[in-house]
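J.: Fold the following, please.
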Amino acid sequence: MKAVLYGDMHGTPLDGIINVIAAEDPDAVFCLGDFDTVEVIHQQIGLEEALRAVGKTVLTVPGNHDYALIADEEFQSQQVFEDLNTSYTRLRDELREDTEACNYILRLLKTAKHTFDLDPEMPTRMPTILIHAGLDGCLSTHMTECPDFKKFMWYRLKEQEHFEKNFAKMEEAGITLMLRGHDHNPGYALKRDNHVFFTGLVSDIQLDRDTMFTITPGAYRLGHYVLIDTSSGRPIVSFRQVH
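T.: Numbers count the residues shown, from 1 in each chain. Got it, this is the predicted structure:
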């Protein structure tokens, strides 16, 4: 099984990742949300329809920006606003005025995280969660008190204690692998024998069933994505950039 993982587009057109998908011909495509513009949402809708039409698996989760634009909860993301020459208010109003895009985000919010077996054909199971942010961590970027029902779209994983808390929640849920976005720099973390290690120094890594992992592809806005290949029986995660 081969899968492409990307997210945090923040208004960046999907042409690059569409070209990657065409070249790699993956069995599955996973998207971590944070579209920001209706143009990118429509590209994603079209991409999903095309992939499902040829039997591909497609899973998408909403990001914190997607929720905030729907719920009218203003957020600060100055660099994104500058890059797009826009504002929170304009992005919110454009989404509200576009019925198809608005309904798409609302549908995502009904199933805002997915749990599944990464590849049922592997000799050993690898219970996986696709989620925008995490199951625990730091809420420093949420401007007000964050209700429990949406924390998993806002958690950041920055320090040792954040990763430890997130791995503890994964263990409680029986999850071995977390595919997550929100933090824009690529990286991964692992927990083995009660020791937690995390790094932003990315290269190809091999997953194993005795270790828990979190994989953060980095923001597609910066060209980042991840390729997952399970054909060897032990999944290999490759951190890539669109060129």
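
J.: just checking, what's the longest helix in this structure?
T.: If you go by DSSP state H, the chain has its longest helix at helix 38-53.

J.: how about the strands of the protein, start to end?
T.: In the chain, the strands defined using DSSP state E lie at 2-6, 28-31, 57-60, 114-117, 127-131, 177-180, 187-192, 195-199, 205-206, 212-216, 224-229, 236-241.

J.: Skipping its backbone neighbours, what lies nearest the residue positioned nearest the centre of the chain in space?
T.: Of all residues in the chain, the one closest to the mean position by C-alpha atoms, centre = their mean is L32, 2.6 Å from it. Among residues not flanking L32 along the chain, G7 sits closest, at 2.5 Å (C-beta to C-beta, 6 or more residues apart in numbering). The C-beta positions use only the backbone N, C-alpha and C, and glycine is treated the same way.

J.: Phi, psi for the one you found please.
T.: With angles defined as degrees, to the nearest 10, G7 sits at phi 180, psi -180.

J.: Cross-check the contact I'm expecting between it and F35.
T.: No - look at G7 against F35 with C-beta atoms under 8 Å: they stay out of range, at 9.3 Å.

J.: Redo the strands of the chain as TSV? Include distance to F81, mean neighbour count and mean pLDDT.
T.: Converted to TSV, the strands of the chain look like this (distance: least, C-beta to C-beta, whole Å; neighbours: other C-beta atoms under 10 Å; pLDDT from 0 to 100):
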stretch	distance to F81	mean neighbour count	mean pLDDT
strand 2-6	22	23	98
strand 28-31	22	23	98
strand 57-60	24	17	98
strand 114-117	30	14	96
strand 127-131	25	22	97
strand 177-180	24	25	98
strand 187-192	25	19	95
strand 195-199	30	13	93
strand 205-206	34	13	94
strand 212-216	23	24	97
strand 224-229	21	21	98
strand 236-241	24	17	96
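
J.: For F167, find the nearest of these.
T.: Distance to F167, taken as C-beta to C-beta, is lowest for strand 187-192 among these, at 4.4 Å.

J.: on that earlier part again, average pLDDT for the longest helix of the chain?
T.: Averaging pLDDT along helix 38-53 gives 98.

J.: Which elements pack onto it?
T.: With contacts defined as 3 or more C-beta pairs under 8 Å, 6 or more residues apart in numbering; DSSP states H and E, the packing partners of helix 38-53 are helix 15-24, strand 28-31, strand 57-60, helix 88-96, helix 99-110.

J.: which of these is buried the deepest?
T.: Scoring the helices and strands packed on helix 38-53 by mean neighbour count under mean count of other C-beta atoms under 10 Å gives strand 28-31 as the most buried, with a mean of 23.

J.: outside of it, which residues touch it?
T.: 1-7, 21, 44, 47, 51, 56-61, 130, 179 (C-beta atoms under 8 Å, 6 or more residues apart in numbering).

J.: thinking again about what came up before, please identify which of the helices and strands packed on helix 38-53 is closest to S140.
T.: Nearest to S140, of all those, is helix 88-96, at 19.1 Å by C-beta to C-beta.

J.: I'd assumed Q241 was in contact with V226.
T.: No - the pair V226 and Q241 fails to qualify as a contact (C-beta under 8 Å) at a distance of 10.4 Å.

J.: contacting residues for I70?
T.: Neighbouring residues of I70 by C-beta under 8 Å, 6+ apart: 95, 102, 105-106, 109.

J.: for D98, same thing?
T.: 38, 41.

J.: For the chain, identify the residue most remote from the centre.
T.: Seen from the C-alpha centroid of the chain, the residue lying at the greatest distance (C-alpha atoms, centre = their mean) is D193, 26.6 Å away.
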